[in-house]
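**Q** No letters, just coordinates:
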């Protein structure tokens, strides 16, 4: 079967812009999931939705009204039947079985957006071109819109490959932002038997034309919310009746930032948000902290996390207030398998538009694809997190973020060649 | 002229419930001011609105959109012409000149509501009777609705008194909650030449039938907002680029609460609200603190306030962040003049329904009527803050607050007899 | 028997100056105890030493080398036999049994000095007259030297009173400073059956000639030492190996001072001393805090104490360090019995040199005589803490403290008349 | 001239043990300086003492009683005349001028001890062999005793080298511990015109037989003392009169440890010592902090130092207390010149007993020889900090530290060959 590559490239841009226009925050990607499913059903893929495979106990940082989000999704063009079929959890897993014996290759595509309000103005390309977000407070400011467009085009190309062997599994993962959904996807069992795992990311502060066979250096991170609940009281009249959640939180914040650094490598703690108290003249009854701990390795991450727990609990004890801690997200560290990264790099050198290729690249952040990389590697498989350079208008997560769409065909071709090489 | 007291009492209840249904927060009392003006115009009073007498530099804690609030007021039944006449600042001053020589007596009535959402349920009388607040987040939870009903009835009764001498001045004061409007009213000049000043309050944790000729023990208080502004930065990637407003605020909060007590009497500090930071993985750029300092005397109040300033500034210096401090409210301390309190108490003993009368009562909070009391006393006049007991369903400022309406005729009669006694 | 009052007065001065020259800190008063015992043996009193009556579990804040102090005491003139008889605990109880039926009256005399170094210079009377302290770091800077001189003179006078009935018990109490020894004396059982208890103090910021029948308003107080023990580590090389006792202590100090005030009355917390760490480049392994909590009543004192315990424990939890807390002293609150205070006041009016007499005076500090007052009052007895004014050269506990010795005969006469009046 | 190498080796051991027995803390090394001078005078070196070349404004962390220390030095065997000649500052500079044209090579030898008390017991070699420290609290626990023994032997060998060209300068530097004396030596001008600079250290956690041509990775560090001075007050009676230095210091300590890490590399802060307050019931008037900041580069070091200054000043402002900051020591970072390190390594391979040689080694701490390295390098010269492995009984600075004396001949020979190679 001969495919019209121009049509496919045009469709990538159209789909990317449609996704961009309708961004959905983690665990609320009902329209997104439905749109992806629509395409994949048409291509003949076998689909299992997040709601079918994700276990409740593996879900982190989900704070949405699923019913309301489904209604919104339908209003924004999702097919009602598909939305109903998704179940409580977004994302999906789609399988292509070639019928021929061969390895199983999984490709991770993240689908959620960032919680930021998109910039306006003629100098912001999506705004100028009319595909800026219609969902206030939500924006595809990390490139996942492009990932999906590439992923769907890849699904079509691979379906049409006549000499492909084994199976290909597309993992459209919800809630990557805040590293919330990767763990549940890794634990869902869908990756059992997978020999090769590929994730990819556009941008990463590298220009269009750059390709890294495998990124390394992911930081382990844990996102926790801490809630102190004390007792309110009139601050002038009966201050002694109060149990001060605001002071517990303030004390926790200071001492969290004073956690000692570690001689073995980078560690980080941040209290990014502290909201406490209701009224000026009331002893604050409640305080809420959004906290992030990081470490260059699992051991460093555990070190910081454990110290943070001690501090949080100590502050509760100090003010005799209750403390509840909720894990809102977590990512481990993982490294790309050298030989798989090497194969990707070799394939990339063959792709038109690619100028600079390296086997390895260095990541400065976290990605919960690492859970899946580790799952596959722990069972003897190989994994690579491919870096596809793309010029960007502003940094990732910025309200002015936009990426060079001409990086999409590069990503598509690198992935297609790699899968063909593996599943030959 | 013979007045129908039954009609007047009925009207007090109706007006109180109308005000209760349409509560307006401090500086937004356009409907309230207009309704009061409507009645007083009809009675023939000479009116000057807040907008005519209040100077901008004396205004504290005003954070409203006057245009929007005026539109709302009109929608909620205020006469358009009157709303237009009010000008930027709510409240009014209404004068009755008997034409006969005699003293000038001023009566303070506070008109704003509390920023709380009224309770629902059949056990909450205003809800059950259908006069609960229609303005979400606003509620007459302190009894000012009753004060206004009493004040307007008093205005009618005094107008009809044929033997009254001198002048009577009604001061309908905006923004008593948070002690924001009293200072501006005291500084407006309207109290110049006043010989006697009366304020009154319903409830105060005393049962219906109790009357105190004059309350004492008001705490001086200052309400300040402190805003720290630092520099945001990615907490994982470039923590050193940030200047952490959250830590500055946390450090300020702890050290504010550690201000040493004073051997001369009661002092209080409270950081009631701390809101800092925008995102979990961002070094917090902004922090907002709502603070209250109190002292039993002006000197004690200054002591706490000065120390608080040092702490706030020190925390800014620590984290190299900017600090802006805004005074949101202030009340001084004042005591009721013993002889005027004694006169009130004497008159109260003659009032039907009054069981227990004392010359003095003890206040545990603050009221910015003190600015006016002090203004009058400093110029040789007398002032009394009358306590009118009223059974209440819940504490002042509670969402379940409601008071016994049968205390209104008592308040009316105590005030009428007192003014008649003074201006005879 | 006729006593030579001039000799007795002269002896009071001599003894006071001898005690002043040889001050001994709490629990180290071996010379002092021996000197007192020597006089009382000569007078025929029946003596029981601290070592015989004090139970180990009641002793607080004792940190001395008894053997070394006894050697010093002997070197400074104490009789070796008596020092040997004292046992481990200083202080004594001496009984005069008149043989005639009548009430039992106890008189408390405190015997320890203050831990301060006495001033030098011709303008400091004890220095000029050659009776300044010979024990560096120790000084009778509170007047206990005078108390003892008065007590011994009183013992002689009462012994000689021919019409005295019942019994008189002198309680020479160790370690009043830091409120350490009173509790042990109260618990020793010696006050069982006591009908009247008298304590007295010279000075108290009242001039010579003033007498208060009974002081009130003693603050409850608890003195605690808190020790954090963490783990040291090289701060540059392996900061993560450390558990930082210095930061635990700093956090505790701040949050202790932030304990909310109480609406029922005065409370106080003070971290007076914080010593932490050994080397600049070492994570501090140890921290030591000297803390004091106070409250105007037992309930207020408990409130502050309990909150302080929470803070101290919370700080230990924060930094995963060990905490040990030792009670170093404690005083309760007590009030003088009104009728006994009244009797003392009546007697005082008859004393030469007394100008101003009041039934009650107000204390601003703490005294562990309160344990004994309460012990006696709880069993139906009466207690009074008599205030004997005395001009002073500087405030109590100051290195320049000195009191007007002419207040001693006043104290003697007030006490003599009071005991005669009671035990008649 | 033929030298008896056995005698020289024996003498190294004797001298090392003599220095070990008489350790002297930084700036107090009068006996040490005198002993060194005695040897060098005999060898015919030209000597300038620290007192002749060090400028007062360059001296850091000097807190000794020079008069008393000189008396002690003489009692411990220093020649009186030499001690007198030393002047106020210890250390010396000794020149060997070969008279033949050639380069100037400087060799740094540090001479002070560590402030720790030496261990006792038969398992501690210096104790068992009778050369443990006779100066309580002082101990050669870093190997400087060995450095001096090697340095003096080298001076003798070089003096005897007949083919040596140019000049050799021995810099016996005081107060290396706490990085206090190196800056003054570098600024003294003695290194002007120096072409090659060599420092060396025994031990460094490497076994005997290991040699590193040049160590790198020195951390910049600044040692500062911060003193807060507030106002004392009776904590119970008049807490408001106090200005609390203890709380200022506690707040500073917490916030110093909360200084954000830096993305460019390692930074460190430590408050190693905090001593505040005098009495339990007194608002603390004074607080003393010993602080250390570090950074992997000058820029990182400045970053931490500047932030630390802000925190210290902010805490003073918070509590309205005075702050004085004294720099007690400072070291910069420097790297060994590659070609000189390479030459040292080449020479080392020729030395008997040397097993493992590397061009570069990694330092984990700080050394103020870096000031001199940078001085020479900035003027076009070369510098190397040679690492001479030596088995040790316990870590550097430990009270059980002892090193394998057989490393001394290795150091001697590496240095001799290197100087011969350079100055040929």
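**A** That came through, no problem. Since the model is a prediction, treat every value here as computed from it, not as a measurement. Residues are numbered from 1 along each chain as shown, chains lettered A, B, ... in the order given.
**Q** Identify each buried residue in stretch A:376-390, please.
**A** A:376, A:377, A:381, A:382, A:383, A:384, A:385, A:386, A:387, A:388, A:389, A:390 (16 or more other Cβ atoms under 10 Å in any protein chain shown). For every residue, glycine as well, the C-beta is placed using N, CA and C.
**Q** and the nearest residue to residue A:121 once chain neighbours are set aside, what element?
**A** Leaving aside its sequence neighbours, residue A:121 sits nearest to residue A:127 (Cβ to Cβ, 6 or more residues apart in numbering or on different chains; 6.0 Å). Here residue A:127, judged by DSSP states H and E, is contained in helix A:125-128.
**Q** Give the buried residues for that helix.
**A** A:126, A:127.
**Q** next one: the helix or strand immediately after that helix in the chain to chain centre, how far?
**A** Scanning forward in sequence from helix A:125-128 by DSSP H and E, the next helix or strand is helix A:144-160. On the basis of Cα atoms, centre = their mean, to the nearest Å, helix A:144-160 sits 17 Å off its chain's mean C-alpha point.
**Q** What is helix A:144-160 packed up against?
**A** When contacts are defined as 3 or more Cβ pairs under 8 Å, 6 or more residues apart in numbering or on different chains; DSSP states H and E, helix A:144-160 sits against helix A:5-21, helix A:30-43, strand A:92-97, strand A:104-110, strand A:167-173, strand A:196-202, helix A:407-422.
**Q** give me that answer again for 6 Å
**A** Packing partners of helix A:144-160 (3 or more Cβ pairs under 6 Å, 6 or more residues apart in numbering or on different chains; DSSP states H and E): helix A:5-21, helix A:30-43, strand A:104-110, helix A:407-422.
**Q** Next, count neighbours for residue A:185.
**A** Neighbour count of residue A:185, defined by other Cβ atoms under 10 Å in any protein chain shown: 30.
**Q** now do residue A:112
**A** 27.
**Q** In three-state terms, label it for me.
**A** Following DSSP: H, G, I helix; E, B strand; the rest coil, the label given to residue A:112 is coil.
**Q** Quick one: residues contacting it.
**A** Going by Cβ atoms under 6 Å, 6 or more residues apart in numbering or on different chains, residue A:112 touches A:26, A:29, A:174, A:175, A:176, A:177.
**Q** Can I get those residues in a markdown table including distance to chain B?
**A** Converted to a markdown table, the contacts of residue A:112 look like this (distance: Cβ to the nearest Cβ, whole Å):
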| residue | distance to chain B |
| --- | --- |
| A:26 | 13 |
| A:29 | 20 |
| A:174 | 18 |
| A:175 | 14 |
| A:176 | 14 |
| A:177 | 10 |
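**Q** Grab the nearest non-local neighbour of the residue of the stretch 1-150 of chain A found nearest chain B.
**A** For the stretch 1-150 of chain A, the residue positioned closest to chain B under Cβ to the nearest Cβ is residue A:115, at a distance of 8.2 Å. Using Cβ to Cβ, 6+ apart and skipping residues adjacent in sequence, the residue nearest residue A:115 is residue A:25, 5.7 Å away.
**Q** in terms of contact, does that neighbour touch residue A:138 like I think?
**A** Yes - counting by Cβ atoms under 6 Å, residue A:138 is a contact partner of residue A:25 at 5.3 Å.
**Q** and for the two, which residues touch both?
**A** By Cβ under 6 Å, 6+ apart, the residues touching both residue A:25 and residue A:138 are residue A:113.
**Q** what's the burial count for the nearest residue to residue A:225 once chain neighbours are set aside?
**A** Spatial nearest neighbour of residue A:225, excluding adjacent residues (Cβ to Cβ, 6+ apart): residue A:326 at 4.8 Å. Burial of residue A:326 is recorded as 12 neighbouring residues (other Cβ under 10 Å).
**Q** Phi and psi next, for the residue lying closest to residue A:180 once chain neighbours are set aside.
**A** Nearest non-adjacent residue to residue A:180, counting by Cβ to Cβ, 6+ apart: residue A:61, 3.8 Å away. Main-chain dihedrals, residue A:61, degrees, to the nearest 10: phi 60, psi 30.
**Q** Equivalent analysis for the one 10 residues further on, please.
**A** Note on residue A:71: its backbone torsions stand at phi -60, psi -50 [degrees, to the nearest 10].
**Q** Chain C versus that one, what's the distance?
**A** Applying Cβ to the nearest Cβ, to the nearest Å, the value for residue A:71 to chain C is 46 Å.
**Q** Roughly how far does that residue sit from residue A:23?
**A** Per Cβ to Cβ, to the nearest Å, residue A:71 is found 17 Å from residue A:23.
**Q** which one of those two has more residues nearby?
**A** Shown here are residue A:71 and residue A:23; by other Cβ under 10 Å, residue A:23 has more neighbours (29 against 14).
**Q** ok, the more buried one touching residue A:131?
**A** No - contact criterion Cβ under 6 Å: residue A:23 and residue A:131 do not qualify, at 10.6 Å.
**Q** For chain A, list the residues in contact with chain C, please.
**A** A:238-240, A:247, A:251, A:255, A:258, A:260-263, A:310-311, A:313-314, A:317-318, A:320 (Cβ under 6 Å from any Cβ of the partner chain).
**Q** Tell me what the closest residue to chain B within the stretch 251-400 of chain A is bridged to.
**A** Chain B sits closest to residue A:270 of the stretch 251-400 of chain A, with a gap of 3.4 Å, by Cβ to the nearest Cβ. Per DSSP bridges, residues listed as beta-bridge partners of residue A:270: residue A:292.
**Q** Let me see the confidence value for it.
**A** Looking at residue A:270, its pLDDT stands at 97.
**Q** and the residue lying closest to residue A:193 once chain neighbours are set aside, bridged to which residues?
**A** Of all residues not flanking residue A:193 in the chain, residue A:104 sits nearest, at 5.5 Å (Cβ to Cβ, 6+ apart). Beta-bridge partners for residue A:104, by DSSP bridges, are residue A:167.
**Q** any idea how far residue A:131 lies from chain D?
**A** For residue A:131 relative to chain D (Cβ to the nearest Cβ), the value is 34 Å.
**Q** same deal with residue A:219?
**A** Remark: distance between residue A:219 and chain D (Cβ to the nearest Cβ) = 12 Å.
**Q** Give me the pLDDT for that residue.
**A** 90.
**Q** do residue A:245 as well
**A** For residue A:245, pLDDT reads 97.
**Q** For it, grab phi and psi.
**A** Per-residue torsions, residue A:245: phi -70, psi -30 (degrees, to the nearest 10).
**Q** Quick check: the gap between it and residue B:249.
**A** 15 Å.
**Q** Compare neighbour counts for those two and give me the winner.
**A** Taking other Cβ under 10 Å, residue A:245 and residue B:249 do not tie; residue B:249 has more neighbours (34 against 28).
**Q** wait, that one sits on residue B:228?
**A** Yes - with contact defined as Cβ under 6 Å, residue B:249 reaches residue B:228; the gap is 5.4 Å.
**Q** Where does residue A:370 sit: helix, strand or coil?
**A** helix.
**Q** residues near the nearest residue to it once chain neighbours are set aside, how many?
**A** Excluding its sequence neighbours, the residue lying closest to residue A:370 (Cβ to Cβ, 6+ apart) is residue A:334, at 3.9 Å. Around residue A:334 there are 26 other residues, counting by other Cβ under 10 Å.
**Q** Residue A:160 too?
**A** When neighbours are counted by other Cβ under 10 Å, residue A:160 comes out with 12.
**Q** Could you check how far it is from chain B?
**A** 41 Å.
**Q** Give me the pLDDT for that residue.
**A** If you check residue A:160, the pLDDT there is 94.
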